[in-house]
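*Asks:* Sequence first, then the predicted structure, then my questions.
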Amino acid sequence: MSEADSGLRIGEGKGRRLKADVADRSSDEIAVAIHAFTDAQWIRLRKVAAKYAWLCPFEADDLLQEAFCRALAGDRRCPSHVDPVRFLAEVMRSIADSGANKVENQIDVVPVMQPGAVAESAVDPTDSRMSPEQTMAADEDAEALRQAMLGLFPDDPQARDLLDGIMEGYEGEELRTLTDLDETSFASKRRLIRRTIDRHYPKGWKP
Amino acid sequence: MTRADKKALRALSRLANALVEDVLATSDGEILTEFTETHGDPRKNSDAMRSLFEKSVLNVRKARLRAAQAGVTADRTSATARKIVSIEDARGKLRRVLASCPPHVKFTLAARNEDELSDADVLGMLQDLEELGVVPPDDKSGGHP
């Protein structure tokens, strides 16, 4: 068979193979994969749902169910090389973020009530910038969270540093440098933090 | 949640991400032991989670059925809409068809002049011609056979 007959040029085959490697799972395939989850995978999924439920007004089960629905309906596609638990975790994170933003970005409106005016004909959007009082309240909320979490590790400065770094937005190598922990010690410390928080806040933390 | 919580929410979000990374990185053995110590039988958890998943499967199937039903309704509506034509166009179409269709059909249908037919007769004849296959039902040629 000639090159023309095969419909492929040199290099295309490789490209196609690469494309196939990153193909998405179909809805049926993701359903089959979820059905086949092991006990450990179900536990991970449950724990992930509980964590992301902190960030939104939904319960963990509702968040998880919404993630299942989006995956099954094909609204979110799982690349075949991605672990389905990680994929569902990402879907939940995305739902939780958008749920939180929806509430957070709601523009409060108050009717302009003037004598003789028709109430429903006009609204007055509130100022979306934070007032000095709101800024102060935000700082207080963030500080309350920080203190509550750091307070779980009164005698462990490395755990406190790591936790503080995480909440301030440091990641990966930066965090390890900040805390002077090698990869294994970093993983152990992060696990200790998670287990301690789970023990003290089994129902999570709602701001 | 208010805007005032935004800063705390950002910190909480970073914390949740880090803890989720840890959950995903924990080995099967460790996570099973941890769960057994705090919650009990992992199989009960699996059963409850599978049941939740089954509910989601059912919800998605129902949503698909509703979408399919809505699609059928929309098709019917648009099919009805296609039937709404101006009577002038319909008369023009009938004239063109009668002028060019086979003699035996013309003999059967064109007993009278087109301008003597009522609107209902015109539409009825066009429908008959469609059923006879002289005019395709989805004729987009403006009646040119």
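*Replies:* Great, that's in hand. Predicted, not measured: the structure shown is a model, and the values here were computed from it.

*Asks:* just the helices in chain A please.
*Replies:* Counting by DSSP state H, the segments of chain A that form helices are A:3-6, A:12-21, A:27-35, A:39-52, A:60-73, A:84-104, A:132-150, A:157-168, A:172-179, A:183-200.

*Asks:* now the ones you listed in CSV, with distance to B:F35, mean neighbour count and mean pLDDT?
*Replies:* Using the backbone N, CA and C atoms, a C-beta is placed for each residue, glycine as well. Putting these into CSV (distance: least, C-beta to C-beta, whole Å; neighbours: other C-beta atoms under 10 Å in any protein chain shown; pLDDT from 0 to 100) gives the following:
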stretch, distance to B:F35, mean neighbour count, mean pLDDT
helix A:3-6, 53, 9, 39
helix A:12-21, 34, 10, 47
helix A:27-35, 19, 16, 94
helix A:39-52, 5, 24, 97
helix A:60-73, 15, 21, 95
helix A:84-104, 14, 19, 86
helix A:132-150, 23, 15, 79
helix A:157-168, 22, 19, 95
helix A:172-179, 27, 14, 90
helix A:183-200, 11, 16, 95
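
*Asks:* Can you lay out these as JSON lines showing distance to chain B?
*Replies:* Formatted as JSON lines, the helices of chain A follow (distance: least, C-beta to the nearest C-beta, whole Å):
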{"stretch": "helix A:3-6", "distance to chain B": "38"}
{"stretch": "helix A:12-21", "distance to chain B": "22"}
{"stretch": "helix A:27-35", "distance to chain B": "6"}
{"stretch": "helix A:39-52", "distance to chain B": "4"}
{"stretch": "helix A:60-73", "distance to chain B": "4"}
{"stretch": "helix A:84-104", "distance to chain B": "5"}
{"stretch": "helix A:132-150", "distance to chain B": "4"}
{"stretch": "helix A:157-168", "distance to chain B": "4"}
{"stretch": "helix A:172-179", "distance to chain B": "8"}
{"stretch": "helix A:183-200", "distance to chain B": "5"}
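
*Asks:* among the ones you listed, which is nearest B:K93?
*Replies:* helix A:60-73 (44.1 Å; C-beta to C-beta).

*Asks:* Identify the residues contacting the closest one?
*Replies:* A:27, A:30-31, A:34, A:45-46, A:49-50, A:52-53, A:56, A:58, A:75-76, A:78, A:87-88, A:91-92, A:95-96, B:49, B:52-53, B:55-57, B:59-60, B:63-64 (C-beta atoms under 8 Å, 6 or more residues apart in numbering or on different chains).

*Asks:* ditto for stretch A:74-84
*Replies:* A:21-25, A:27, A:29-30, A:33-34, A:37, A:41, A:67, A:69-71, A:87, A:91, A:94, B:24.

*Asks:* so who does A:E59 touch?
*Replies:* A:A53.

*Asks:* wait, does the longest helix seen in chain B make contact with chain A?
*Replies:* With secondary structure taken from DSSP H, chain B has its longest helix at helix B:42-82. Yes - with C-beta under 8 Å from any C-beta of the partner chain as the criterion, chain A is reached by helix B:42-82 at B:42-43, B:45-46, B:49-50, B:52-53, B:55-57, B:59-60, B:63-64.

*Asks:* For stretch B:21-40, what is the distance to the chain centroid?
*Replies:* 44 Å (C-alpha atoms, centre = their mean, to the nearest Å).

*Asks:* Sounds good, over and out.
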